[in-house]
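Undergrad: Need coordinates for the following:
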Amino acid sequence: MKYSESNPPLVCMMTQSTCYRGTKKMTVRGVLWHSTGADNPTLKRYVQPDDDAPDRERLLALLGKNRYNNDWNHKERQAGLNAWIGKLADGDVASVQVMPWDFRPWGCGSGKNGSCNNGWIQFEICEDDMNDPEYFAKIYAEACELTAYLCRMYGIDPLGTASYNGVTVPTVLCHKDSYRLGLGSDHSDVYEWFDRYGKTMQTAREDVAALLGGDLPAADAKRVNVRAAVVKKGVKGEYVKAVQALLNMRADAGLDIDGSCGGRTDAAIRAFQRESGLDVDGSCGAKTWERLLG
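TA: Below is the predicted model:
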């Protein structure tokens with residue numbers, strides 16, 4: 001994988017934007033992809049550092065300077081996401097984080113069933129004229145790398161689903177998918193681009209899962225005999241991470257994926273058992289695993 005805790009994506013927090021200043025934290029359920037629908041693959045068009053950022057010159061050297069000041073780091077722009085993918089000043093394709101991952105984006109709008117803005121980390125991919133297969137291959141690979149990084153960070157199974165407002169939602173989807181589920185505004189988004197090069201959001205999910213391999217707590221839980229593992233207060237390790245990730249997806253528990261079953265995780269297990277009609281003992285054994293894994 002390209003990104004890790006020791007090698008994260010480039011960070012250029014755009015705290016002057018209205019979204020950054022006006023949003024709130026969320027419980028992360030998944031990752032949602034956008035593309036810009038404009039023929040401009042450069043990150044500098046959208047991403048610029050704060051006017052008084054201490055590392056402004058370094059970031060401008062990496063991103064390039066937007067001479068027209070029409071980037072998204074302004075209060076006039078009533079939209080915002082967590083990251084962008086596109087070309088740096090030297091032409092390399094990269095990801096840039098512009099808001100904390102658990103900040104609610106203003107990206108996909110809303111529909112009759114609510115909004116995927118409530119729980120889905122979102123990023124934009126900078127489109128070109130959609131006729132360059134080399135650029136598409138690079139940004140597609142980069143989007144898969146960023147998604148895999150986020151899935152590992154938050155214990156998300158890229159092949160899984162999350163329940164939101166009574167709707168079963170893929171953990172990894174795009175803006176158009178959210179619209180079809182009644183959880184976003186209508187936007188053709190990545191599909192026009194994907195159709196030209198034989199990609200779908202399902203191939204994206206599968207490619208993300210392939211990048212993760214066995215390095216994903218929630219996904220691991222579905223592939224091994226976790227029902228023999230008992231998770232309860234005081235236990236630590238990978239199985240605890242799996243429980244925490246699954247509780248976040250199934251019950252909106254808002255737990256840190258830290259591998260330590262403390263008071264909050266114990267309470268979340270008990271609440272899930274109560275809602276599921278199971279014995280409420282705080283011990284995640286075979287029956288609780290069965291319900292969590294769905």
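
Undergrad: C-alpha only now, for contacts and for neighbours.
TA: Will do.

Undergrad: Which residue lies nearest the spatial centre of the chain?
TA: When C-alpha atoms, centre = their mean is applied to the chain, the residue found nearest the centroid is residue 31 (2.8 Å).

Undergrad: Moving C-terminal from the helix or strand of the chain with the lowest mean pLDDT, which element do we reach first?
TA: For the chain, counting by mean pLDDT, DSSP states H and E, helix 217-223 ranks last in confidence among helices and strands (a mean of 47). Following helix 217-223 in sequence order, the next helix or strand is helix 238-251 (DSSP states H and E).

Undergrad: and that next one, how far from the chain's centre?
TA: Relative to the centre of its chain, helix 238-251 is centred 16 Å away, using C-alpha atoms, centre = their mean, to the nearest Å.

Undergrad: Show me what that helix is packed up against.
TA: With contacts defined as 3 or more C-alpha pairs under 8 Å, 6 or more residues apart in numbering; DSSP states H and E, the secondary structure elements packing on helix 238-251 are strand 161-164, helix 217-223, helix 263-276, helix 286-293.

Undergrad: Mean neighbour count and distance to residue 17 for those - can I get that in TSV?
TA: Below are those laid out as TSV (neighbours: other C-alpha atoms under 10 Å; distance: least, C-alpha to C-alpha, whole Å):
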stretch	mean neighbour count	distance to residue 17
strand 161-164	19	28
helix 217-223	21	34
helix 263-276	18	34
helix 286-293	18	38
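
Undergrad: Pipe these into JSON lines and attach distance to residue 1 per row.
TA: JSON lines is the format used below for the helices and strands packed on helix 238-251 (distance: least, C-alpha to C-alpha, whole Å):
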{"stretch": "strand 161-164", "distance to residue 1": "23"}
{"stretch": "helix 217-223", "distance to residue 1": "16"}
{"stretch": "helix 263-276", "distance to residue 1": "29"}
{"stretch": "helix 286-293", "distance to residue 1": "26"}
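
Undergrad: Of those, which shows the lowest average pLDDT?
TA: Among these, helix 217-223 carries the lowest mean pLDDT, a mean of 47.

Undergrad: Show me the contact partners of the helix or strand where residue 33 lies.
TA: Using DSSP H and E, the element containing residue 33 is strand 30-35. Surrounding strand 30-35, the residues in contact under the criterion C-alpha atoms under 8 Å, 6 or more residues apart in numbering are 119-127, 147, 150-151, 156, 158, 162, 170-175, 189-190.

Undergrad: tilt between that strand and helix 238-251?
TA: Using axes from the mean of the first three to the mean of the last three C-alpha atoms, to 10 degrees, the direction of strand 30-35 lies 70 degrees away from that of helix 238-251.

Undergrad: what's the spacing between strand 30-35 and its chain's center?
TA: For strand 30-35, the gap between its own C-alpha mean and the chain's C-alpha mean amounts to 7 Å (C-alpha atoms, centre = their mean).

Undergrad: elements contacting whichever helix or strand comes after that strand?
TA: For strand 30-35, the succeeding helix or strand toward the C-terminus, using DSSP H and E, is helix 56-63. Helices and strands touching helix 56-63, as assessed by 3+ C-alpha pairs under 8 Å, 6+ apart, are absent.

Undergrad: Give the buried residues for helix 56-63.
TA: 59-60, 62-63 (16 or more other C-alpha atoms under 10 Å).

Undergrad: got the CA coordinates for it in CSV?
TA: Taking only C-alpha atoms (Å, rounded to 0.1, in the frame of the first residue of the first chain), the coordinates of helix 56-63 have been written out as CSV:
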residue,chain,number,x,y,z
ARG,A,56,2.5,28.0,2.9
GLU,A,57,5.5,28.4,0.6
ARG,A,58,6.3,24.7,0.8
LEU,A,59,2.7,23.7,0.0
LEU,A,60,2.5,26.2,-2.9
ALA,A,61,5.8,24.7,-4.3
LEU,A,62,4.2,21.3,-4.2
LEU,A,63,0.7,22.2,-5.4
